[in-house]
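Student: Return atomic coordinates for the entry below.
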Amino acid sequence: MNDTATLPPLPDRLSIDPSSPFHDRDVFQRDIGIRFNDKDRHDVEEYCISEGWIKVAAGRTLDRKGKPMLIKLKGKVEAFYK
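Tutor: As a prediction, the model looks like this:
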């Protein structure tokens, strides 16, 4: 039932934006969960475990390229496969 042996390891830094250099398509074949300060988050755009931050959308504001504006939150970050 649990096939975690065949899953690629989660990277230290990951982004959902396909144009980002930190985007890894193989990792997104399965659902990923992010726990930030011991609470599950479902709105994370990018994370870095070693530096301890996540980036989330700042409301509905968009930048000049039409992508959501992101804010960085610092704290304890854990990534896992669901």
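Student: roughly how far apart are Val77 and Gly52?
Tutor: 6 Å (Cβ to Cβ, to the nearest Å). (Glycine included, C-beta is placed from N, CA and C.)
Student: Between those two, point out the one with more neighbours.
Tutor: Val77 (21 against 14; other Cβ atoms under 10 Å).
Student: Spit out the contact partners of the more buried one.
Tutor: 34-36, 47-49, 52-54 (Cβ atoms under 8 Å, 6 or more residues apart in numbering).
Student: out of those, who has the most neighbours?
Tutor: Tyr47 (27 neighbours).
Student: quick one: that one is in a helix?
Tutor: No: using DSSP: H, G, I helix; E, B strand; the rest coil, the assignment for Tyr47 is strand, not a helix.
Student: what ranges of this protein fall below the confidence cut-off?
Tutor: 1-5 (pLDDT under 70).
Student: distance of the residue nearest the centre of the chain from Thr6?
Tutor: Nearest to the mean C-alpha position of the chain, by Cα atoms, centre = their mean, lies Glu46 at 3.9 Å. For Glu46, the distance to Thr6 (Cβ to Cβ) stands at 25 Å.
Student: got it, and Ser15?
Tutor: Ser15 is 23 Å from Thr6, by Cβ to Cβ.
Student: residues making contact with stretch 19-27?
Tutor: Contacts to stretch 19-27, defined as Cβ under 8 Å, 6+ apart, come from residues 8, 10-11, 13-18, 46.
Student: Neighbour-wise, give me the winner out of those residues.
Tutor: Leu14 (21 neighbours).
Student: and that residue, that's in a strand?
Tutor: Yes: Leu14 forms part of a strand when assessed by three-state DSSP.
Student: got the contact list for it?
Tutor: Neighbouring residues of Leu14 by Cβ under 8 Å, 6+ apart: 22-24, 27, 32, 46-47, 79.
Student: distance of it from Ile34?
Tutor: Counting by Cβ to Cβ - Leu14 and Ile34 are separated by 9 Å.
Student: cool, and Tyr81?
Tutor: Distance from Tyr81 to Ile34, counting by Cβ to Cβ: 11 Å.
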